[in-house]
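Peer 1: sequence and predicted structure are below.
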Number of protein chains: 2
Amino acid sequence: RGLELQLGSSTQTSHRLLAYSDALLSIIATVMILPVAHTKIHPDQKLGESVQQLLLAKIAVYLMTFLIVTVAWAAHVRLFQVIELIDDVLALLNLACMMIITFLPYTFSLMASFPEVPFGIFLFSVCAVVIGLIQALIVVYGFYHPHLLNQQIQVSENQSFYKRHILKIILRGPVLCFLAAIFSFFFIPLSYVLLGLVIVFPHLTRFITWCKTKIVGQRDEEEEHRSLESFTFYLSEPLSKERVEAFSDGVYAIVATLLILDICEDNVPDPREVEEKFHGSLLEALSEYGPNYLAYFGSFVTIGLLWFVHHSLFLYLTRATRLMGLLNILSLAFIGGLPLAYQLTSEFAEKSHNEIEAIQVSCVITFFASIFQFAIWTTALLHERETLHPFARYGGKEHAFMFAKLALYPCVSLGAFFLTCLLSEFSTAIFHLMQIVIPFAFLALRIFVRISLTVMK
Amino acid sequence: RGLELQLGSSTQTSHRLLAYSDALLSIIATVMILPVAHTKIHPDQKLGESVQQLLLAKIAVYLMTFLIVTVAWAAHVRLFQVIELIDDVLALLNLACMMIITFLPYTFSLMASFPEVPFGIFLFSVCAVVIGLIQALIVVYGFYHPHLLNQQIQVSENQSFYKRHILKIILRGPVLCFLAAIFSFFFIPLSYVLLGLVIVFPHLTRFITWCKTKIVGQRDEEEEHRSLESFTFYLSEPLSKERVEAFSDGVYAIVATLLILDICEDNVPDPREVEEKFHGSLLEALSEYGPNYLAYFGSFVTIGLLWFVHHSLFLYLTRATRLMGLLNILSLAFIGGLPLAYQLTSEFAEKSHNEIEAIQVSCVITFFASIFQFAIWTTALLHERETLHPFARYGGKEHAFMFAKLALYPCVSLGAFFLTCLLSEFSTAIFHLMQIVIPFAFLALRIFVRISLTVMK
């Protein structure tokens, strides 16, 4: 507590500012699933056609928004790894930056509705450039008041190198967007390519470096590393685990909450209808919504337990590398798709033709959300000394249980997918059974793993 | 980090579980403003009538949900002040508890639509009783595994007293709800009174105690306090400041994000309309939405700056008493009303009759949100030795600046309210000017306060 104000009255730790930014960014990334989930699908219509006609553009908007916002989030994380303390000016600049970021989903909606018109892409690019300029201003302000910087940089002799390096990282995206804005008036496809580059660029450069070291051999990389060690040691550090957790929590929380909003808006019967159709019996009217309640509880349980697995996993991680951050974001993108799964499975009551498709879409979303979590675990095991707590490493006393926890959802969702193919008549029953049984499976798992370990010994 | 796992493999610190719960609870409390904000008001209709006809029930649902969820949140805070470490079982129990809490808004929607039918109130009460039972189960589990408890209680000899005391606090609400459930079938008004009691009960008992000590004199209270000191020392502690901040951040973040959702759903023009009405010019079509963009930026700036004031205020608070917690929740309830203000002010383009009313509603919401923040500050000043950082106390070097920061929004919104009454023709211009000028006012304030302090010396 004392630390918060130690450096003078106007200097503050950035902890709460970052938590608020994480909450904003995670909600803004996820909330664009709502227009997707709210797309009305007529019960007589085949789901396959509807997806092509209605959903494809909206899903593209959702995914693009999600990925672009995570790029902005990653830049924000790196920025505030360099600047560790804030003052009022930085807080206000950061809020201005957030305001422009929350405007990005709207520019995507425009792009999706008018893919041929340059204005949508131009507006997006301008926003991205403004975000970059504000972030650059934050960097410049930070280096002008060095007591706000990270300790390591403060004592370093190469502050100006650090400044240039972090500016390069932050302005990389905006420069690409600036080019996209110019080209949008001449040749739109090139603009789209440039925007795609913004998303994949950080990963592309890392991948190329990785390939190079594999081909040329590791010595070169090590030499290069050593010569730059004094400069880049801090900048090549992995993502802050705390912020990865905060961002993930935001996504899980908003997805869980969007579900109840749907229930409240759609499943409160009209008083007049109750009077006429059900002779004033509310209970009878509500029993019509039975499948919706079941779908709600099922979806909430799925989200809650996936959060639980994520929580257990990150408890045993000691640091989050860049690759793990990427896998986490892919997992979260599918978590964000769960409201769509809820919307599809809650329509069972209307006896549409799409029962099996809806269940299979849900299984696929759950499978990918959980398999990417499993991939984080696998990646962590590859470098277990640096990334895992001793308990969770090979032979640690929690290793088997963690493995079982992480494998449960991928296995069950895959199993449910194939079972619905084989026993298509019981698909609904299988799906709901799966959702209700799993929480108990988590408790049973602990006992099971303990017994099997004892038996093996 | 080491602390997280020090007590055995399955015991964990509760930090992330609490952050996730705070996010869920704050979002669920606030999200019920969406049905209110989305109520369509016909431009020809007078706002006064619409409010009476359409909005009143929905606003009541929003306020009731908000207050009930904050009661559940306060119980959750106190519960996890006693239980400081968690394991898998507690994490799953907590998730189950959250699931029932997210279902509460739906029961309120039912109650608002069918005030005469006992089923809505019955369903709500059942949910509240189940929540109470799960929380009681968490307490029992915690006391059965004492290593999970707060240090102070762990070493205390009166564990069973603590257990009874915390159970009493947690089950107070559910018992009232249980009575409400029974009476709902005989005499509904009594049920509503009982539910109202759940919200005001904690504050009522404190108020009565306070009155008693004022009338009887302070000696009695002190004596009583001394005799119970060994027992209740920990339980009478103020709310955890960290969790008050986390809950507030969640509310601010979701309110800021709901705004862009509205923009994305309502203000993307239809491609066919653009072709027919604007001869394919997207820019012309978008210029129709100018007032919406202005309203969006205005609302976002208001929320951002109110967060900024909240952030500055809590930076200088060293602890949050129960009264400050109550004032904070009242402030947040009005913050949650800002999407309604946005929705009203963004309709200016249609030249409705409601321009002035819309602006005045916005001013009133902003005024109450900010005046309750100011009240927190005033309350803190009354006991400044216990609650404020030395810098912010009377005579501290940040005192004048904090005062100015907190007084800015109440003054400006009150001023705008009366100006619109006098100069009703320029009301829109005044309102937008106010929203745009304020961020610069915050920066100017610092300079102004510094100069005036120098002059005074």
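Peer 2: Thanks, I have it. Residues are numbered from 1 along each chain as shown, chains lettered A, B, ... in the order given.
Peer 1: roughly how far apart are whichever residue of the stretch 1-150 of chain A sits closest to chain B and residue B:250?
Peer 2: Residue nearest to chain B within the stretch 1-150 of chain A (C-beta to the nearest C-beta): residue A:23, separated by 3.7 Å. All C-beta spots, glycine's among them, are computed from the backbone N, C-alpha and C. According to C-beta to C-beta, to the nearest Å, residue A:23 and residue B:250 sit 6 Å apart.
Peer 1: anything in contact with each of those two?
Peer 2: Common contacts of residue A:23 and residue B:250 (C-beta atoms under 8 Å, 6 or more residues apart in numbering or on different chains): residue B:23.
Peer 1: list the contacts of the residue of the stretch 1-150 of chain A closest to chain B.
Peer 2: Residue A:23 neighbours (C-beta under 8 Å, 6+ apart): A:246, A:250, B:23, B:249-250, B:253-254.
Peer 1: rebuild the residues you listed as TSV, extending it with distance to residue B:100 and secondary structure.
Peer 2: Below are the contacts of residue A:23 laid out as TSV (distance: C-beta to C-beta, whole Å; DSSP: H, G, I helix; E, B strand; the rest coil):
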residue	distance to residue B:100	secondary structure
A:246	25	helix
A:250	22	helix
B:23	17	helix
B:249	24	helix
B:250	19	helix
B:253	24	helix
B:254	20	helix
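Peer 1: shouldn't residue A:186 be within a helix?
Peer 2: No: assignment of residue A:186 by DSSP: H, G, I helix; E, B strand; the rest coil gives coil, placing it outside any helix.
Peer 1: separation between it and residue A:174?
Peer 2: For residue A:186, the distance to residue A:174 equals 20 Å [C-beta to C-beta].
Peer 1: quick one, strands of the stretch 151-300 of chain A?
Peer 2: Counting by DSSP state E, counting those that start in this stretch, the stretch 151-300 of chain A forms no strands at all.
Peer 1: tell me which parts of the stretch 101-250 of chain A are close to chain B?
Peer 2: Within the stretch 101-250 of chain A, the positions lying close to chain B (C-beta under 8 Å from any C-beta of the partner chain) are A:102-103, A:105-106, A:109-110, A:113-114, A:117, A:119-120, A:245-246, A:249-250.
Peer 1: what's the local residue count around the closest residue to the residue of the stretch 1-150 of chain A closest to chain B other than its chain neighbours?
Peer 2: Take residue A:23 and drop its neighbours on the chain: the residue closest to it by C-beta to C-beta, 6 or more residues apart in numbering or on different chains is residue B:253, 3.7 Å away. Around residue B:253 there are 30 other residues, counting by other C-beta atoms under 10 Å in any protein chain shown.
Peer 1: now the residue sitting nearest the centre point of chain A, what's its secondary structure?
Peer 2: By C-alpha atoms, centre = their mean, chain A has its centre lying nearest to residue A:332, at 3.4 Å. Using three-state DSSP, the structure places residue A:332 in helix.
Peer 1: quick check: of the residues of the stretch 101-250 of chain A next to chain B, which has the highest neighbour count?
Peer 2: Result: residue A:250 is most packed of those (other C-beta under 10 Å), 29 neighbours.
Peer 1: pLDDT value on that residue, please?
Peer 2: We have a pLDDT of 90 for residue A:250.
Peer 1: tell me the contacts of it?
Peer 2: A:22-23, A:25-27, A:30, B:23, B:253.
Peer 1: give me that answer again for 7 Å
Peer 2: Residues near residue A:250 by C-beta atoms under 7 Å, 6 or more residues apart in numbering or on different chains: A:22-23, A:26-27, B:23.
Peer 1: what of residue A:268?
Peer 2: So residue A:268 contacts B:109-110, B:113 (C-beta under 7 Å, 6+ apart).
Peer 1: could those go into TSV alongside distance to chain A, secondary structure and pLDDT?
Peer 2: As requested, the contacts of residue A:268 are arranged in TSV below (distance: C-beta to the nearest C-beta, whole Å; DSSP: H, G, I helix; E, B strand; the rest coil; pLDDT from 0 to 100):
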residue	distance to chain A	secondary structure	pLDDT
B:109	5	helix	80
B:110	6	helix	82
B:113	5	helix	77
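Peer 1: from chain B, how far off is the residue located most distally from the centre of chain A?
Peer 2: Largest separation from the mean C-alpha position in chain A: residue A:279, at 47.0 Å (C-alpha atoms, centre = their mean). According to C-beta to the nearest C-beta, to the nearest Å, residue A:279 stands 13 Å off from chain B.
Peer 1: on that earlier part again, farthest-apart pair in the residues of the stretch 101-250 of chain A next to chain B, please.
Peer 2: Among these, the pair separated by the greatest distance (C-beta to C-beta) is A:117 and A:245, at 40.1 Å.
Peer 1: distance from stretch A:193-200 to the middle of the chain?
Peer 2: Using C-alpha atoms, centre = their mean, to the nearest Å, the mean C-alpha position of stretch A:193-200 is found 18 Å from that of the whole chain.
Peer 1: most proximal residue of the stretch 251-400 of chain A with respect to chain B?
Peer 2: residue A:253 (3.7 Å).
Peer 1: got a list of what that residue touches?
Peer 2: Per C-beta under 7 Å, 6+ apart, neighbours of residue A:253: B:20, B:23-24, B:27.
Peer 1: in helices only, show me those.
Peer 2: B:20, B:23-24, B:27 (DSSP state H).
Peer 1: okay, those in TSV with pLDDT next?
Peer 2: Formatted as TSV, the ones in helices among the contacts of residue A:253 follow (pLDDT from 0 to 100):
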residue	pLDDT
B:20	90
B:23	89
B:24	89
B:27	87
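Peer 1: select from those residues the one having the most neighbours.
Peer 2: Busiest of these [other C-beta under 10 Å] is residue B:23, holding 30 neighbours.
Peer 1: distance of it from residue A:289?
Peer 2: Separation of residue B:23 from residue A:289 (C-beta to C-beta): 27 Å.
Peer 1: worst-scoring helix or strand of chain A, pLDDT-wise?
Peer 2: Ranked by mean pLDDT, DSSP states H and E, the weakest helix or strand in chain A is helix A:218-232, scoring a mean of 44.
Peer 1: if we can go back for a sec, what about the residue nearest to the residue nearest to the centre of chain A when sequence neighbours are not counted, neighbour count?
Peer 2: The shortest distance from residue A:332 to any non-neighbouring residue, by C-beta to C-beta, 6+ apart, is to residue A:251 (4.8 Å). Counted with other C-beta under 10 Å, the neighbours of residue A:251 add up to 28.
Peer 1: residues in contact with residue A:64?
Peer 2: Residue A:64 neighbours (C-beta under 7 Å, 6+ apart): residue A:108.
Peer 1: go on, residue A:449?
Peer 2: A:400-401, A:404.
Peer 1: most surrounded residue in these?
Peer 2: In terms of neighbours by other C-beta under 10 Å, these top out with residue A:401 at 22 neighbours.
Peer 1: which strand or helix spans that residue?
Peer 2: helix A:399-422 (DSSP states H and E).
Peer 1: which regions of chain A sit below the pLDDT cut-off?
Peer 2: Scanning chain A for pLDDT under 70 picks out A:1-10, A:39-54, A:217-238, A:347-354.
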